[in-house]
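>>> attaching a predicted model along with its sequence, questions to come.
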Amino acid sequence: MSDLFNTDEAPQTALAPRPLADRLRPQSLSEVIGQSQVLGPEAPLGVMLASGSLSSIIFWGPPGVGKTTIARLLADETDLHFVQISAIFTGVPDLRKVFDSAKLRRQNGKGTLLFVDEIHRFNKAQQDSFLPHMEDGTILLVGATTENPSFELNAAVMSRSQVMILERLSLADLSKMAARAEEDLDRTMPLDARARSTLFEMADGDGRTLLNLIEQVMAWKVKDPLDSDQLGKRLMRRAAKYDKSGEEHYNLISALHKSVRGSDPDAALYWFARMLEGGEDPRYLARRLLRMAVEDIALADPQAQSICMHAWETFERLGSPEGELALAQAVIYLALAPKSNAGYMAYKAAREAARKTGSEPPPKHILNAPTKMMAEQGFGAGYAYDHDSEDGFSGQNFFPATLPRTKFYAPVERGFERDLAKRVAYFEKLRAQREHD
């Protein structure tokens, strides 16, 4: 276990050159590319360092954006001893050793910055073990996670730490990183301008991945710069970040749903395609599209539900990949359809009223009287058969006798609901006339 907490770099030999990513590791926070929202003068870390008061931190962000590098440089900036562990390989006995070493170090006048990679992998008991050492100053905790800390970390750890979000590197950030790599290697990549852009896209915001790709490209023996197609044949594109059961799954379905609700077919198709490329089950998407039709379009376009059902059925008949086209067409239809949540809101309001008045019986005049006794009790007495009434509308009250008439459904002036609004107004007018008569 001694190597697990060793922060000294192993000696390099001529036969074991340092990887490019290691050689280009920033030596100060000012050299870090990107993350200005955290490192800038007015950003959280910049303010902490300027005031000389650094608190425990949780870095949340995707791989390859500088979580480990920034943690190491924070230790240098604050003159703390840097210790790095991974939650994947560290158990409770290992943690005890870390805490004991930090206590001895503190007694000798040296503080410890403990960097915990994949901190969300620790269970509740392991996370709780950090608390007393954070509170008495034995360690300054800097955790790193790719998962949403509000879901994965204990409330106690969260309350004692500041969460800082590190973002995917932009294409401009990746371009700066590539320029720095070419300066270190003293030559430019053998790529034309389009292929260079393609390489940055392949890295998908991951700086470590970009440097590894650059190292591969620089090792090629080519006479002329490669174009984008040639580059694509030589390199595998990085798999898109997508976890079908994790946070990314919920983020992307939320993006798809809100793009449909916002009547943007292009954005909706993009998120739909992102989920398919990530390996999402098309049947899950078919079910969610049907939900969108019911929840966000509803009676503004009653045909939307049929479109989704037919698209789902088409997928089941055709299978992949042809069947996804039917689902894509449903996405476009839903995005361009008129929107209304009037039915959804009416349903929720009616459910709430039902919960509050769940024991109220229907009025007697709309109850059947299958027995003589029930007829004698007034069941069904005074019921007006609507088909016998003028305009086929009796205007009778169908709410419980003790419950005032309540308006739940308020159709919008969009799509087919515009016609329904006219019908509602028509029956309200007739009802008022019947009550006056």
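Cool, got the structure.
>>> pLDDT weak spots in the chain?
1-16, 237-247 (pLDDT under 70).
>>> domains of it?
2-165, 171-234, 247-336, 360-436 (automatic domain parsing).
>>> helix or strand: which one has Ile307?
Ile307 is part of helix 303-318 when elements are defined by DSSP states H and E.
>>> nope, Asp94 is what I was after
Mapping Asp94 onto the secondary structure by DSSP H and E places it in helix 92-107.
>>> give me the helices and strands touching that helix, please.
strand 81-86, strand 112-117, helix 124-128 (3 or more Cβ pairs under 8 Å, 6 or more residues apart in numbering; DSSP states H and E). Every residue, glycine included, has its C-beta placed from N, CA and C.
>>> what's the distance between whatever helix or strand comes next after the shortest one and the middle of its chain?
Note on helix 124-128: by DSSP H and E, the next helix or strand toward the C-terminus is helix 131-135. Once both centres are worked out by Cα atoms, centre = their mean, to the nearest Å, helix 131-135 turns out to sit 31 Å from its chain's centre.
>>> so which bits of helix 131-135 are buried?
Within helix 131-135, the residues that count as buried by 16 or more other Cβ atoms under 10 Å are 133-134.
>>> before we move on, the earlier item: in the helix holding Asp94, what's buried?
By 16+ other Cβ under 10 Å, the buried positions in helix 92-107 come out as 95, 98-99, 101-102, 105-106.
>>> okay, the angle between it and strand 81-86?
Orientation of helix 92-107 against strand 81-86 (axes from the mean of the first three to the mean of the last three Cα atoms, to 10 degrees) gives an angle of 170 degrees.
>>> please tell me how far Asp296 sits from Arg283.
Distance, Asp296 to Arg283, by Cβ to Cβ, to the nearest Å: 20 Å.
>>> the more surrounded of the two?
Remark: of Asp296 and Arg283, Asp296 carries more neighbours, 21 against 13, as counted by other Cβ atoms under 10 Å.
>>> quick check: nearest residue in space to that one, chain neighbours excluded?
Of all residues not flanking Asp296 in the chain, Arg261 sits nearest, at 4.9 Å (Cβ to Cβ, 6 or more residues apart in numbering).
>>> likewise Ala384?
Nearest to Ala384 is Ser394, by Cβ to Cβ, 6+ apart, at 3.9 Å.
>>> likewise for Arg196?
In space, Arg196 comes closest to Met189 once its chain neighbours are excluded; the distance is 6.6 Å by Cβ to Cβ, 6+ apart.
>>> re the thing from before, dump the buried residues of helix 92-107 into a markdown table; add distance to Leu367 as well.
Putting the buried residues of helix 92-107 into a markdown table (distance: Cβ to Cβ, whole Å) gives the following:
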| residue | distance to Leu367 |
| --- | --- |
| Leu95 | 69 |
| Val98 | 74 |
| Phe99 | 73 |
| Ser101 | 79 |
| Ala102 | 76 |
| Arg105 | 82 |
| Arg106 | 79 |
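>>> of the residues you listed, which is the nearest to Ala268?
Distance ranking of the buried residues of helix 92-107 against Ala268, using Cβ to Cβ, places Leu95 first at 46.7 Å.
>>> measure the closest one to Ala267 for me?
Applying Cβ to Cβ to Leu95 and Ala267 gives a distance of 45 Å.
>>> ditto for Lys339
As defined by Cβ to Cβ, Lys339 lies at a distance of 15 Å from Ala267.
>>> neighbour count winner among the two?
Neighbours of Lys339 and Ala267, each counted by other Cβ under 10 Å, are more numerous for Lys339; the result is 23 against 16.
>>> quick check, the more buried one in a helix?
No - in this structure, Lys339 is coil, not part of a helix, as judged by DSSP: H, G, I helix; E, B strand; the rest coil.
>>> for it, which residues are in contact?
Applying Cβ atoms under 8 Å, 6 or more residues apart in numbering to Lys339 gives the contacts 261, 263, 296-297, 300, 414-415.
>>> measure it to Arg261 for me?
7 Å.
>>> which strand or helix spans the nearest residue to Arg25 once chain neighbours are set aside?
Distance criterion Cβ to Cβ, 6+ apart; nearest residue to Arg25, sequence neighbours excluded, is Thr69 at 6.0 Å. If you go by DSSP H and E, Thr69 is part of helix 67-78.
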